[in-house]
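Chemist: Let me see the structure of the following:
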Amino acid sequence: MSEPDGGAGRVDPDRPSWAGLAPMNQIQQQGSGLSETYWRAENAALLRRGGQKWGLPAAALVLGVNLVGFVLLGLAVNSQNSALSVVGIMIPSLLAAGLAVAISRTRGNGPVVDFGLPRSSAEFLGHVRSGLAWGGAAVVGGVLLALVLFSSIDVDEQAPLGNFADSAMGWKILLVVWIWIGAPICEETMFRGMLWGALEKRTRPMPMAWLGNRWVVLAITAVVFAIWHREWWRFVILLWGGLAIGIARMRSGSIVASTTAHSLNNTLPALVILLA
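Modeler: Residues are numbered from 1 along each chain as shown. All right, here's what the predicted structure looks like:
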């Protein structure tokens, strides 16, 4: 792999790497097919294209494991038992995210390339900054939408996590940590990792190649993300959050940015449960 020379870097196609990309917040002309672009997700997609053998079927499998897990555990777990309920919320997402990582390792370039994980502290900080910016946009927009929507909705009757208000503090803290950190990591691996990457792959000439357009990818992942939560009373809020989180992913080319944005977006719900 060659290093940038005189402002134009080249990337060995056999060894996808982030080293050939311009730092965050810079626009730099790249060689070997890497284009000058503000949306670094496009360059990230080019880096993994040669080794990515997974696509929409793999993404559907990951989401299917998550959905089936929720259905089965929902039937088996008594909602009145705090411990089982918290564990039941966590297991399906952990299994699905683990499957996504396994698919990336066996059928792709590995999570570092496929999911855009940073290879340096500077790159990590750049992703976090992008995530904080768009996570802030998700929070502000969500609060404004909530003020409008919740004026006519009884939130206590609609919120599925309201049953945890009287749970033991230890389980409540575990649930809060999950909502704030665990769920964003798992869901971003599924939605902005597997589903996003599978859609981005469809940029070559083929039927429905338009699915690989960055704005189409953003819209599809945001809609699926909102639907997946099965909370219709706050669908619009989830959709806005999915768009803002997705822009962090599109801007950085990394699920670290989208996970940061997702975590920031989940801060208020986590605090509500903790202080309820």
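Chemist: C-alpha from now on. contacts and neighbour counts both.
Modeler: OK.
Chemist: List the contacts of the residue most central in space within the chain.
Modeler: Computing the C-alpha centroid of the chain and ranking residues by Cα atoms, centre = their mean puts residue 188 first, at 2.2 Å. By Cα atoms under 8 Å, 6 or more residues apart in numbering, the residues touching residue 188 are 255, 258, 259, 262.
Chemist: Could you say which helix or strand holds it?
Modeler: helix 183-188 (DSSP states H and E).
Chemist: Could I get the average pLDDT for that helix?
Modeler: Across helix 183-188, the average pLDDT comes to 98.
Chemist: Over to stretch 210-230?
Modeler: Averaged across stretch 210-230, the pLDDT comes to 92.
Chemist: what's the answer for stretch 39-50, then?
Modeler: If you average the per-residue pLDDT over stretch 39-50, you get 89.
Chemist: longest helix in the chain, by residue count?
Modeler: The residue-count maximum for a helix in the chain (DSSP state H) belongs to helix 121-149.
Chemist: How far does that one sit from its chain's centre?
Modeler: Distance of helix 121-149 from the chain centroid (Cα atoms, centre = their mean, to the nearest Å) equals 13 Å.
Chemist: Kindly report the same for stretch 257-273.
Modeler: A distance of 12 Å separates the centroid of the chain from that of stretch 257-273, by Cα atoms, centre = their mean.
Chemist: The protein: helices as residue ranges?
Modeler: With DSSP H, the ranges of helices along the chain come out as 41-49, 56-76, 82-107, 111-114, 121-149, 155-158, 169-177, 183-188, 196-200, 214-228, 235-252, 255-265, 267-275.
Chemist: who does the fourth one touch, helix- and strand-wise?
Modeler: Packed against helix 111-114, as judged by 3 or more Cα pairs under 8 Å, 6 or more residues apart in numbering; DSSP states H and E, are the following elements: helix 41-49, helix 82-107.
Chemist: CA atoms only for the first one - export them in PDB, please.
Modeler: When you say that, I think you mean helix 41-49. Provided in PDB are the C-alpha atoms of helix 41-49 (Å, rounded to 0.1, in the frame of the first residue of the first chain):
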ATOM      1  CA  ALA A  41     -19.100   7.000   2.600                       C
ATOM      2  CA  GLU A  42     -18.700   6.800  -1.100                       C
ATOM      3  CA  ASN A  43     -14.900   6.400  -0.900                       C
ATOM      4  CA  ALA A  44     -15.400   3.900   1.900                       C
ATOM      5  CA  ALA A  45     -17.600   1.900  -0.300                       C
ATOM      6  CA  LEU A  46     -15.000   1.800  -3.100                       C
ATOM      7  CA  LEU A  47     -12.400   0.600  -0.600                       C
ATOM      8  CA  ARG A  48     -14.400  -2.500   0.400                       C
ATOM      9  CA  ARG A  49     -16.000  -3.300  -3.000                       C
END
